[in-house]
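> sequence plus the predicted model coming up.
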Amino acid sequence: MSEAVVLRGIGRTFAGRRPIAALDGIDLTVRAGEFVTLFGPSGSGKSTLLRIIAGLERADAGTVQVLGGPPREAARRKDIGWVPQNAALLPWARVRTNAGLSALVNRRADRSSHPQRVPQDVDGILAEVGLADFADARPGQLSGGMQQRAALARVFVQGAPLLLMDEPFSALDEITRSSVRLQLLDLWERHRKTVVFVTHSAEEAALLSDRVIVLSPRPGRITAEIEVPIPRPRADCAADSDAVRAVEREITAALRAGASG
Amino acid sequence: MSARRVALAVGAPAALLLLLGLLWSWTASANPSVLPPLASLPAELAARPDFYVRNLGHTLVSALSGFGIGVGAALLLAIAVVHAPVLRSAVLPVALLLNVTPVVAIAPALVVAFGFTQVPNIVVAALTAFFPMLINALAGFRNVDRGSLEVFRSMAASRTDVFLRLRLPSSLRYLFAGARLSASAAMVGAIVSEFTGSTRGLGATIVTATTYLNLPQMWVAILVSALVSLALLGLIGLVERIVVRW
Ligand SMILES: Nc1ncnc2c1ncn2[C@@H]1O[C@H](COP(=O)(O)OP(=O)(O)OP(=O)(O)O)[C@@H](O)[C@H]1O
Ligand SMILES: [Mg+2]
């Protein structure tokens, strides 16, 4: 299957005294192995869209196909890796247990064969994200950046073919953020998952993505799609290289055009 | 801990106790009909330790059985409510009603029902232990990090997974707080229920002492019950420190 996520005419309106139209007519196809970033102003429905793809939220218009079926089915096979904004580690569990969480829940999924999901060795991934020495530590003993690395380790251990990340680095300071960002780039270039990523940083979008989807203010509609032509691997490519800067400017311009138009 | 902090941790309560002792002695010598001389208390205890051990044992059995039953029922109910939120609106008013009904009023009614046995004491202790645990467990089971819940849901974790691996550990601090309140409440419930319809236990000991104006017996019983409640709290705190290590 070459299409990981297919969205057709997705709409979502939150009921209430004054109903809020969060999303309207979203058409988007994410190819398997592609890194796609959702970029848009606050309130444009990025999180809502990501939650719809994860099956955590329902759409009230349109159709969602995730890995060839409805999102909840993909979730039941543990084929979706979710990285929330806070690392959401279990404070009582050691880093190794947190990273290996996927093997502890929904054991039913492990009994049937799962051709798309390839669980990885916990200690191997912890070494890849530089947490080998902290496997026995508790999350409270880690810095914010290390916690976010542990959260990345958790989805890469899970081995899900589709990773959904909602501003995973937004709580980090700039220096930590760029180092964890490179960590993700490195992991992704080695494990090649499909990623749908949300960020408010144009630089982050340019550096990480194959394609950037720009959303309009509420209700979120797609106003631009920007292909990022920077060759990979990019882990060594400096964030302030001219190529990254050019894409960054293009993204920011598209955001402005979408907001005014 | 530094020497300074040890001195403070031991010294402050010691100083307070000394002050209370002085206050006691002063009151006792001024009004002998209100407080017995401080020295009469150890003498009373030493004169018949088996009497106090027997009655304390009776009260402890009521309090601990009541604690077990009340806390167990509260936990089961809280678990049911988390998994079927419709129960919430049904459970809370009834629990609240139970809580505002004075124990002293229930105790005689239970004696009528169960006779002069230990059953009324256990039931009252269970009733008083129930509510604090229920409230804390309900709050604790809901105190779940939203991001973590989403991580679990994104992997289609079962309800059992979510409960055992997320809600229960997240709520431990609440549960221990509830256990502390429930333990004290169970002791109070057991003793108060012994005021009526019991010939045994610290509550009964206090009542007979009052009848015969036996001040030393009354105060030994009161102090023993206070110290034992304190010991129970200490024990729960110890277990908490062993279990909650993060
Ligand atoms: N559960 C909900 N109930 C009601 N309204 C909601 C709910 N979730 C989101 N919304 C509304 O939908 C709109 C889009 O929200 P969403 O969180 O998807 O935006 P976003 O693009 O992720 O914003 P941000 O960049 O600030 O994270 C907002 O106006 C928000 O108030
Ligand atoms: Mg958001």
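Good, I have the coordinates. Ligands and ions are numbered 1, 2, ... in the order given.
> sec struct for the nearest residue to residue A:182 once chain neighbours are set aside, please.
The shortest distance from residue A:182 to any non-neighbouring residue, by Cβ to Cβ, 6 or more residues apart in numbering or on different chains, is to residue A:235 (5.9 Å). Heads up, the C-betas are built off the backbone N, CA and C, glycines and all. The local conformation at residue A:235, judged by DSSP: H, G, I helix; E, B strand; the rest coil, is coil.
> spit out the contact partners of residue A:235.
For residue A:235, the contact set (Cβ atoms under 8 Å, 6 or more residues apart in numbering or on different chains) comprises A:182, A:185-186, A:189.
> hmm, 10 Å instead?
For residue A:235, the contact set (Cβ atoms under 10 Å, 6 or more residues apart in numbering or on different chains) comprises A:181-190, A:207.
> next, give me the two most distant ones among those residues.
Farthest pair in the contacts of residue A:235 (Cβ to Cβ) is A:190 and A:207. Separation: 16.6 Å.
> those two: which is more packed in?
residue A:207 (27 against 11; other Cβ atoms under 10 Å in any protein chain shown).
> what about the more buried one, which helix or strand?
Element membership for residue A:207 (DSSP states H and E) is helix A:202-208.
> got the CA positions of the helix or strand immediately after that helix in the chain in CSV?
Going down the chain from helix A:202-208, the next helix or strand is strand A:211-215, by DSSP H and E. Extracted in CSV, the C-alpha atoms of strand A:211-215 (Å, rounded to 0.1, in the frame of the first residue of the first chain):
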residue,chain,number,x,y,z
ARG,A,211,5.8,18.3,2.3
VAL,A,212,4.2,21.1,4.3
ILE,A,213,0.4,21.5,4.4
VAL,A,214,-0.6,25.1,5.2
LEU,A,215,-4.0,25.6,6.8
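> pairing partners for strand A:211-215, with directions?
Strand A:211-215 has the following strand partners under DSSP bridges: strand A:35-39 (parallel), strand A:222-227 (antiparallel).
> and that strand with ligand 1, contact?
No. Interface with ligand 1: strand A:211-215 contributes nothing (Cβ under 6 Å from any ligand atom), its closest point being 7.1 Å away.
> phi, psi for residue A:70 please.
Dihedral pair for residue A:70: phi -70, psi 150, per degrees, to the nearest 10.
> also residue B:85?
According to degrees, to the nearest 10, residue B:85 has phi -60, psi -20.
> before we move on, the earlier item: so how do I select the buried members of the contacts of residue A:235 in PyMOL?
Only the buried members of these enter the following PyMOL selection, criterion being 16 or more other Cβ atoms under 10 Å in any protein chain shown:
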select buried, chain A and resi 181+182+183+184+185+186+187+188+207
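> run a quick neighbour tally on residue 16.
Picked chain A for this. If we define neighbours as other Cβ under 10 Å, then residue A:16 has 7 of them.
> my bad, chain B
Close neighbours of residue B:16, defined as other Cβ under 10 Å, add up to 10.
> can you classify it by secondary structure?
The assignment at residue B:16 comes out as helix when based on three-state DSSP.
> and it, how far from chain A?
Distance of residue B:16 to chain A, given as Cβ to the nearest Cβ, to the nearest Å: 35 Å.
> do residue B:172 as well
In this view, residue B:172 and chain A are 8 Å apart by Cβ to the nearest Cβ.
> chain neighbours aside, what residue packs nearest to that residue?
residue B:244 (5.2 Å).
> how confident was the prediction at that neighbour?
On pLDDT, residue B:244 comes in at 94.
> and residue B:55, by the same measure?
97.
> what's near enough to touch whichever residue of the stretch 151-261 of chain A sits closest to ligand 1?
Relative to ligand 1, the nearest point of the stretch 151-261 of chain A is residue A:218 (5.5 Å; Cβ to the nearest ligand atom). For residue A:218, the contact set (Cβ under 10 Å, 6+ apart) comprises A:20-24, A:40-45.
> pretty sure it belongs to a helix, no?
No. Counting by three-state DSSP, residue A:218 falls outside a helix, being coil.
> what pLDDT is listed against it?
In this model, residue A:218 carries a pLDDT of 89.
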